[in-house]
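Colleague: Quick one: sequence plus predicted model below, questions after.
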Amino acid sequence: MAEDKQKDSIWSQYTEDDKKALEQLSAGYIDFLSRCKTERESAAEAVRKAEEAGYRNLYEVIKSGVQVKPGDKLYALNMKKAVALFNIGEEPLEQGMNILGAHIDTCRLDVKQNPLYEDGGMAYLDTHYYGGIKKYQWVALPLALHGVVAKADGEVVEICIGEDDNDPVFCVTDLLVHLSQEQLKKAGAKVVEGESLDILVGNYPLKEGEKESVKAGVLKLIKDKYGLEEEDFQSAELALVPAGRARELGFDRSMVLAYGQDDRVCSYTSLMAMLETESVKRTSCCLLVDKEEIGSVGATGMQSRFFENVVAELLAAMGAGGDLALRRTLAGSKMLSSDVSSAYDALYAGSFDKKNVAYLGKGMVFNKFTGARGKSGSNDANAEYLGEIRRIMKKHNVHFQLAELGKVDLGGGGTIAYIMSLYGMQVIDSGVGVLSMHAPWEATSKVDIYEVWKGYKAFLKEA
Ligand code: MN
Ligand code: MN
């Protein structure tokens, strides 16, 4: 049972003050998870919290012509879906930054562009799933609709239905077990197929006896309530996510059960660590990005030039512009690329190497590498950098564990680490162990959330 990892629990080493701070952090995190379920909602909340903490919009500062100087706190928002925050340090920016990076997009069911139809007297929205999901997990549970509809006249309508206790919810239906002999013989990946993940949204006919009257009823409701026409779905970003608030998990309330903890657990703790850090020697940066779950693509994913452009703007605003300065800044930076790691699950013990898997409640996780099939696609962090990270974490009494995802050649996964490493900066994967990763409800430990937050603060101060 990997006895070396099963020493005294971290809980038993906490003071009363630690426990109080842990519960306070968890409560804030549970609230964040409950209110912010999309990248847009998470980015907006990050900006709101940043402004509260004295951060100003970088582009507005640039426009005003005032030079950026040490002590300034700035943020840049990318298409309302990704955010970069900077706390300018005393050292020249060219010497590099300490960067905390995490992603704020999560697996879900996205509504298609021509989604609404009626069949069997029921109205449905057709979806295309986003990210890597086990499709059979997304049927027969309450779903909420989040997102925006951008009308052709330029108005953008925000939608959030299913989170308030008085709201209706939506669902994908499943075949009754009584008729499932054929379905249950299928391979897991085929039990529920992607094209069958359509959302039940109505059953009340507008006018009895008329064709597609239930669909007409749904259209009337969204016209009356939101001023939307059917064709407005063409320019909408609507997502179905598990409805309801995040919860404490277990008799002892030691864990958190919630949708989207991959990767809001690292996003929230990174953001809080960033906002709570005051004056720094090296400039600190917190980067919250979109599209990680589908390969970090697009203008708001980590592969976009957004971050590079913002750093170039920042250098120019400090009177230190130029391509070489930008390259030096990026290459001289150090990063904790944060994402969830799989935690040991006793029910699936055979999938893990017990010596090298993360355990729930054993502290912050560092993955020297990720990837699959012989570390392919991974950023394999340098031993020297890992040594430095260990020194920092020990100095600040942060409990941590070195881990990899699961048994060799069982599968694998990637993060944003390899993209940032292309600049020549030191990057390591770090984060929090999670159970049921990518399921509608994922589980984490409050201890790990607390330790990773401590770890981020130590990194910003010491790296
Ligand atoms: Mn992730
Ligand atoms: Mn993921």
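Modeller: Noted; the coordinates are in hand. Ligands and ions are numbered 1, 2, ... in the order given.
Colleague: ok, which residues in the stretch 151-300 of the chain are in contact with ligand 1?
Modeller: Within the stretch 151-300 of the chain, the positions near ligand 1 by C-beta under 5 Å from the ion are 262-263. Glycine gets a C-beta too; all of them are placed from N, C-alpha and C.
Colleague: Helix or strand with the lowest mean pLDDT in the chain?
Modeller: Here the helix or strand of the chain ranked lowest by mean pLDDT, DSSP states H and E is helix 417-421, holding a mean of 92.
Colleague: Can you name every helix or strand that the helix or strand just after that helix contacts?
Modeller: Counting by DSSP states H and E, the next helix or strand C-terminal to helix 417-421 is strand 426-434. Secondary-structure packing of strand 426-434 (3 or more C-beta pairs under 8 Å, 6 or more residues apart in numbering; DSSP states H and E): helix 261-276, strand 334-342, strand 364-367, helix 383-395, helix 417-421, strand 442-445, helix 446-462.
Colleague: is the fifth one anywhere near ligand 1?
Modeller: No - looking at helix 417-421 against ligand 1 by C-beta under 5 Å from the ion, there are no contacts, and the closest approach is 11.1 Å.
Colleague: neighbouring contacts of that helix?
Modeller: 99, 101, 296, 302-303, 335, 337, 370, 377-379, 381, 427-429 (C-beta atoms under 8 Å, 6 or more residues apart in numbering).
Colleague: next one: it to chain centre, how far?
Modeller: 17 Å (C-alpha atoms, centre = their mean, to the nearest Å).
Colleague: As a check, name the ranges of all helices in the stretch 151-300 of the chain.
Modeller: Secondary structure of the stretch 151-300 of the chain (DSSP state H, counting those that start in this stretch): helices at 188-191, 213-226, 261-276.
Colleague: Among those, show me which one is buried the most.
Modeller: Ranked by mean neighbour count, those are led by helix 261-276 with a mean of 26 (mean count of other C-beta atoms under 10 Å).
Colleague: the inter-axis angle of it versus strand 334-342?
Modeller: Here the directions of helix 261-276 and strand 334-342 differ by 150 degrees (axes from the mean of the first three to the mean of the last three C-alpha atoms, to 10 degrees).
Colleague: Measure how buried A403 is and give me the count.
Modeller: Applying other C-beta atoms under 10 Å, we find 26 residues neighbouring A403.
Colleague: Identify the residues contacting the residue of the stretch 1-150 of the chain found nearest ligand 1.
Modeller: Nearest residue of the stretch 1-150 of the chain to ligand 1 (C-beta to the ion) works out as H103 at 5.7 Å. Counting by C-beta under 8 Å, 6+ apart, H103 touches 263, 267, 288-293, 296, 302, 339, 416.
Colleague: out of those, which is most surrounded?
Modeller: Among the contacts of H103, the one with the most neighbours (other C-beta under 10 Å) is S267, at 33 neighbours.
Colleague: residue ranges with poor pLDDT in this protein?
Modeller: Applying pLDDT under 70 to the chain flags the ranges 1-7.
Colleague: go again using 50 as the cut-off
Modeller: Applying pLDDT under 50 to the chain picks out residues 1-5.
Colleague: Report the buried residues of the lengthiest helix in it.
Modeller: Counting by DSSP state H, the longest helix found in the chain is helix 16-35. Residues of helix 16-35 classed as buried by neighbour count (16 or more other C-beta atoms under 10 Å): 22, 25-26, 29-30, 32-33.
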